[in-house]
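>>> Here is my input; please provide its structure:
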Amino acid sequence: MNKKNNLFLAVSKMLYSLTHIQKEENPYASIDDWNIYPSSPSSGDILDIKGKTRPGENIGMKVSFTMYLPVIDNEYSYVFENIKIPDGSNSFMVRTQKVKDLNFIVRMFIDFKRTFEADNGVAEFFEKNVPAGNYEVVIQGTANNGENEVRADFIATQIIKADEEGNFFLKYDTSILPKGEFTVKIGENEKTVTLI
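The predicted structure is shown next:
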């Protein structure tokens, strides 16, 4: 990613932060309980996440999953075609293992590319308060010599705001998630869901 693209992305984030109020998570929020429906979803289902906390509380939600990406000609790659970034405070992290580097590419009207060199075979990208919108994201890079697959861990966070009665509700699109297990953590409570 060249300096011009870096500057454009930095200015875009600054303008977004000036025009959007960033909700901050209360790390001490007490969650009475929360549930996911359906409990055994299929890939592409919209999940209903419901729970109860104190009135008007801002609750942090974290979604995490792991993928094993095949290595072809010493390269690994995966494309997320429609990542939906919510309004408000958020973050996105990718960590790849057994690699020489990690390229994180956001495809918009031009490609925004950032490259991260590995430290002891681990390369990581982290960004917070990404402007809301739909993005196409490419994860790619060079694997260590002799590797057949690369482990990639993904963690995304966002804020859920409870209403005046303490109820919170969120619809979560699973279309970008791979089949298999992923974990949802709200407050201190964690649930593992399997996409079939």
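
>>> hey, where'd the strands end up in the chain?
Under the criterion DSSP state E, the chain contains strands at 33-37, 46-52, 58-70, 75-85, 90-97, 101-107, 111-117, 122-128, 133-142, 149-161, 167-173, 180-186, 189-195.

>>> Now do the same contact list for the closest residue to residue 67 other than its chain neighbours.
Among residues not flanking residue 67 along the chain, residue 152 sits closest, at 4.8 Å (C-beta to C-beta, 6 or more residues apart in numbering). Heads up, the C-betas are built off the backbone N, CA and C, glycines and all. Shown in contact with residue 152 (C-beta atoms under 8 Å, 6 or more residues apart in numbering): 66-69, 76, 78, 94-97, 139.

>>> Closest to the centroid, which residue in the chain?
By C-alpha atoms, centre = their mean, the chain has its centre lying nearest to residue 156, at 2.7 Å.

>>> How about residue 143: which residues does it bridge to?
residue 99 (DSSP bridges).

>>> From residue 105, how far out is it?
Using C-beta to C-beta, to the nearest Å, residue 143 is found at 17 Å from residue 105.

>>> tell me the mean pLDDT over stretch 146-165?
For stretch 146-165, mean pLDDT rounds to 94.

>>> ok, now stretch 43-60?
Mean pLDDT, stretch 43-60: 91.

>>> Go through it and flag the buried ones.
Residues of stretch 43-60 classed as buried: 45, 47, 49, 51, 53, 57-60 (neighbour count, 16 or more other C-beta atoms under 10 Å).

>>> Can you tell me which of these is nearest residue 88?
The closest of those to residue 88 turns out to be residue 58 (C-beta to C-beta; 8.7 Å).

>>> right, and the closest one touches residue 160 too?
Yes - using C-beta atoms under 8 Å, residue 58 is in contact with residue 160, at 7.5 Å.

>>> If the residue nearest to residue 67 is in a bridge, with which residues?
residue 67, residue 96.

>>> now it: how far from residue 99?
Taking C-beta to C-beta, one finds residue 152 at 9 Å from residue 99.

>>> got any residues that touch both of these two?
With C-beta under 8 Å, 6+ apart, residue 152 and residue 99 have common neighbours residue 76.

>>> for this protein, what helix or strand is lowest in average pLDDT?
Least confident helix or strand of the chain, by mean pLDDT, DSSP states H and E, is helix 3-19 with a mean of 48.

>>> so can I have JSON lines of the buried residues of stretch 43-60 showing distance to residue 133?
Output for the buried residues of stretch 43-60, formatted as JSON lines (distance: C-beta to C-beta, whole Å):
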{"residue": "45", "distance to residue 133": "22"}
{"residue": "47", "distance to residue 133": "21"}
{"residue": "49", "distance to residue 133": "21"}
{"residue": "51", "distance to residue 133": "26"}
{"residue": "53", "distance to residue 133": "28"}
{"residue": "57", "distance to residue 133": "26"}
{"residue": "58", "distance to residue 133": "21"}
{"residue": "59", "distance to residue 133": "23"}
{"residue": "60", "distance to residue 133": "21"}
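
>>> Which pLDDT value goes with the closest residue to residue 101 other than its chain neighbours?
Nearest residue to residue 101, sequence neighbours excluded (C-beta to C-beta, 6+ apart): residue 141, at 4.7 Å. Looking at residue 141, its pLDDT reads 97.
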